[in-house]
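Trainee: sequence first, then the predicted structure:
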Amino acid sequence: MTEPMVNLLENARWIRLPSDAVDNRTGAVPPDLHTFFRRQFELETLPSTATLAISADDCARLYVNGNLIWLGPAPGYLHHYYYAELDLLPYLRTGGNLLAVHNYYQGLVNRVWTSGDGFYGMIAALQLTWADGRRQTIVTDRDWRCRRCMAYVGRRTFGYETQFAEDIDQRRFPSGNWVSDSDDERGWTPAEAVSDGHYPHRLVKQETPALHMTVVPAGTYRQVASDAWLYDFGAELVGHAILQLSLPSGTVVEVRHAEELEASGRARYRLRANCEYQEFCTLDGSGRPVEFFDYKGFRYVELAGLSADPGLAAVTVRQRHYPFDPEAGKWDSGDENFNRIWTICRRAVLAGTQDSYIGCPTREKGVYLGNALVTGLAHLTLTGDGRIMKKALADFAASSVYCPGLKAVATCGYMQDIAEYSLLWAPLLREYLFWTGDFEFVRSMAPTLDGILDYFALYEGNYGLLVNFSSKPIIVDWPKNLRDDYDDPALMGSESLPDRVNTVLNLYYCLTIDAAGWLLAALGREKRAAALVKRSDRLRQAILKHLSRGGLLRDTDLSDHTSLHANALAMFCNLPPESGWDRIVTMIGRKRLNCGVFFAYFLLQGLYNIGEADLAYDLMTGEDEHSWQAMLRAGATTCMEVWSPEQKANLSWCHSWGSAPVILAAAEIFGLRPALPGWRKILFRPQLPSGLEHASIRITTPYGPINAQFVQSRNTADFTLTAPPECPVSGRFQRRLTKVRVNGKIVVDRDHTASLEPSRFTG
């Protein structure tokens with residue numbers, strides 16, 4: 001699952017502040033510890049290559065000759081800790097060069113990092129190679145200089161103790177520009193090199209690219225009080241503010257970040273999501289920019305305590321996210337409502353994809369496995385880049401050290417359990433294989449797959465059903481008020497754990513067994529795959545026999561309540577009642593999206609699975625209280641955690657788990673899916689909603705982009721698909737698709753249902 005530490009770092013050592021530079025009167029490393037490191041070196045000529053391997057605990061910013069080029073590493077467990085490899089050649093120069101690192105140790109136990117353990121500092125090695133074969137290696141050792149930064153004086157925390165307030169005293173920074181000036185380094189001391197073996201980090205290469213960082217100007221600003229100005233960045237983003245103010249030394253500026261506004265028009269810095277984004281900056285009179293370190297999720301920045309107009313340029317934001325090609329995934333249609341929904345979903349995926357798929361950028365900042373399923377599929381649809389999903393899968397696999405059934409949040413110190421989330425890892429691994437064709441990685445994940453299966457098998461009772469499962473909390477949906485009154489007192493937050501069979505949990509178990517069987521068969525483990533097929537058949541029969549009544553599934557074997565969740569999930573799992581789907585479809589038509597934003601993906605995909613395209617599209621675009629339109633009416637610019645602010649007191653305004661419409665626009669409306677791993681064959685089965693007159697889409701595969709569009713009237717539709725020539729296309733079409741062109745060839749030209757083989761229209 002991991003690779004050994006890179007050879008380049010073998011001669012490097014972790015470095016940190018000397019012990020006498022750390023105020024450790026308690027004997028522990030203090031939290032919220034900021035450290036600056038510097039290393040100067042001379043180059044007579046530029047090398048041919050300059051490769052830096054670097055890691056830090058908890059995280060760091062790297063500057064090369066004043067240029068910020070890296071923020072990392074991605075959070076990791078100590079037994080699976082990331083280092084990055086960076087090309088520094090574009091940033092080097094002849095003469096003097098400077099590597100500068102701002103290292104941060106948070107020291108809190110939460111969902112963000114594996115912190116609070118006393119390990120902090122950095123390790124790095126720069127290898128320079130010239131065309132004539134000469135080499136020079138610069139490693140972290142006592143030749144690096146360091147100093148503790150005391151400028152961050154806030155001690156309040158935000159969210160679920162996921163971040164410290166950054167009250168900044170600019171007067172406590174080093175004089176000049178420490179990231180670019182070659183000064184005499186007075187006040188700097190040699191770094192302490194940690195003895196070999198003292199730090200237990202097992203380093204593995206981070207295969208994902210560095211986060212994309214860009215400075216974004218405000219769109220507008222206005223005065224909102226006699227001494228306050230509000231800056232609007234137009235939409236929710238993730239990053240931190242940079243202030244550019246020329247004011248006397250000692251001037252205190254109040255800085256408020258907010259996702260929404262108060263009725264007065266001022267920034268609502270007391271976020272619903274348990275974050276009080278009110279901080280204070282004391283200026284040093286130099287006019288140098290003041291830049292925050294940690295990231296937030298916000299749309300507005302307000303400056304208060306100013307006697308004069310600071311100007312539009314006084315506030316910019318350093319936005320951060322995983323690299324995102326805006327040309328890789330596109331959508332447009334004749335339905336402006338759906339276009340707006342697609343846009344807020346896209347923005348949510350952009351904001352929610354950092355070093356992994358975070359739940360939200362405010363309260364939690366943690367990577368939840370359930371969120372990763374929806375966000376990951378949406379991100380693949382928008383970018384075609386499977387590297388970040390591969391990393392997320394590996395991170396959760398690394399949590400098997402703590403529980404073979406996996407943790408719900410990884411990688412971090414707060415190791416939360418959610419039973420259903422653990423059961424989504426195998427389905428996500430299957431999706432990854434379909435998108436990428438990466439059999440080598442999937443083969444390396446087989447031990448984790450076996451561990452999950454063996455873990456949950458311990459709880460099988462009669463007929464293969466999971467009975468009295470109390471090892472991990474079951475949530476069904478979140479928040480509690482969006483569970484459609486699911487009748488099981490054993491759900492998360494309950495005190496009693498009676499002996500009963502939870503239907504939703506067992507349906508998720510079906511998903512895991514089915515995905516595992518398919519994956520193991522693909523890896524050539526036919527014997528165990530065949531055994532899993534039998535287990536799946538037995539489990540499915542048991543669910544229908546023991547948990548159904550009158551054509552609907554009950555919440556548990558001891559309940560008569562039939563929730564939306566149990567029955568929608570049956571559609572998702574393709575588990576039809578003996579009486580067919582009619583009663584379930586009728587229930588959904590009546591209850592609509594009486595579920596959480598996360599579960600809406602399973603419900604809508606379930607409807608598409610049984611051909612109920614019009615109902616699915618109606619729910620996605622409807623004006624209901626539970627709808628994406630409700631988010632838009634509330635002023636959301638990204639998907640929210642719930643449908644509207646009234647449904648959750650500590651609402652996050654940015655939750656990418658609500659991005660199902662992006663997935664379904666490609667996979668169901670346009671019917672574009674990989675039919676074979678790696679898109680070696682394209683499945684093309686569009687399910688056009690009758691009310692959508694025209695639409696176009698682009699998605700990107702390993703072989704290149706797929707572009708598709710259609711125009712339809714009441715009874716007919718004209719469909720065009722352009723796909724990479726390496727990928728044969730297999731399709732089945734609705735009756736009203738009277739003309740279909742694939743790579744320029746007409747493959748349907750009359751009003752009938754068609755099922756076409758690849759040989760008829762391969763490019």
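Mentor: The structure has been received and is ready for your questions. These numbers come from a predicted model, not from an experiment.
Trainee: which non-adjacent residue is nearest Thr49?
Mentor: The shortest distance from Thr49 to any non-neighbouring residue, by Cβ to Cβ, 6 or more residues apart in numbering, is to Thr129 (4.6 Å). For glycine as for every other residue, the C-beta is placed from the backbone atoms N, C-alpha and C.
Trainee: ok, that neighbour - contacts?
Mentor: Listed by Cβ atoms under 8 Å, 6 or more residues apart in numbering, the contact partners of Thr129 are 47-50, 135.
Trainee: sort out for me which of the residues you listed are in strands.
Mentor: Using DSSP state E, the members of these that fall in strands are 49-50, 135.
Trainee: turn those into a markdown table, columns for neighbour count, distance to Cys595 and pLDDT.
Mentor: Formatted as a markdown table, the ones in strands among the contacts of Thr129 follow (neighbours: other Cβ atoms under 10 Å; distance: Cβ to Cβ, whole Å; pLDDT from 0 to 100):
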| residue | neighbour count | distance to Cys595 | pLDDT |
| --- | --- | --- | --- |
| Thr49 | 13 | 53 | 97 |
| Ala50 | 22 | 53 | 98 |
| Arg135 | 10 | 60 | 95 |
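Trainee: tell me the one of the contacts of Thr129 nearest Val216?
Mentor: Distance to Val216 across these (Cβ to Cβ) is lowest for Ala50, with 29.4 Å.
Trainee: distance of Tyr601 relative to Gln712?
Mentor: Distance, Tyr601 to Gln712, by Cβ to Cβ, to the nearest Å: 26 Å.
Trainee: same check, this time on Gly464
Mentor: Taken as Cβ to Cβ, the span from Gly464 to Gln712 is 45 Å.
Trainee: just His257 next, same as before
Mentor: Distance, His257 to Gln712, by Cβ to Cβ: 45 Å.
Trainee: and the two? Which one has more around it.
Mentor: Neighbour totals were compared for His257 and Gln712, and His257 leads with 26 against 22 (other Cβ atoms under 10 Å).
Trainee: which SSE is the more buried one in?
Mentor: Assigned by DSSP states H and E, His257 belongs to strand 252-258.
Trainee: for Asn567, same thing?
Mentor: Here Asn567 is assigned to helix 564-572, by DSSP H and E.
Trainee: give me the buried positions along that helix.
Mentor: For helix 564-572, a neighbour-count test (16 or more other Cβ atoms under 10 Å) marks 564-572 as buried.
Trainee: cool, stretch 221-240 as well?
Mentor: 221, 224, 228-233, 235-240.
Trainee: export the residues you listed as TSV, with columns for distance to Leu593, secondary structure and pLDDT.
Mentor: Listed next are those as TSV, based on distance: Cβ to Cβ, whole Å; DSSP: H, G, I helix; E, B strand; the rest coil; pLDDT from 0 to 100:
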residue	distance to Leu593	secondary structure	pLDDT
Tyr221	37	strand	98
Val224	36	strand	98
Ala228	39	strand	98
Trp229	40	strand	98
Leu230	34	strand	98
Tyr231	35	strand	98
Asp232	31	strand	98
Phe233	30	strand	98
Ala235	24	strand	98
Glu236	22	strand	98
Leu237	27	strand	97
Val238	27	strand	98
Gly239	32	strand	98
His240	35	strand	97
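Trainee: what number of residues lie near Arg155?
Mentor: 10.
Trainee: could you pull out the strands in the stretch 201-350 of the chain for me?
Mentor: Applying DSSP state E, counting those that start in this stretch to the stretch 201-350 of the chain gives strands spanning 203-205, 212-217, 220-225, 228-243, 252-258, 278-282, 290-291, 296-304, 315-321, 330-333.
Trainee: picking up where we left off before, from the buried residues of helix 564-572, which single one is nearest Asp537?
Mentor: Ala570 (15.4 Å).
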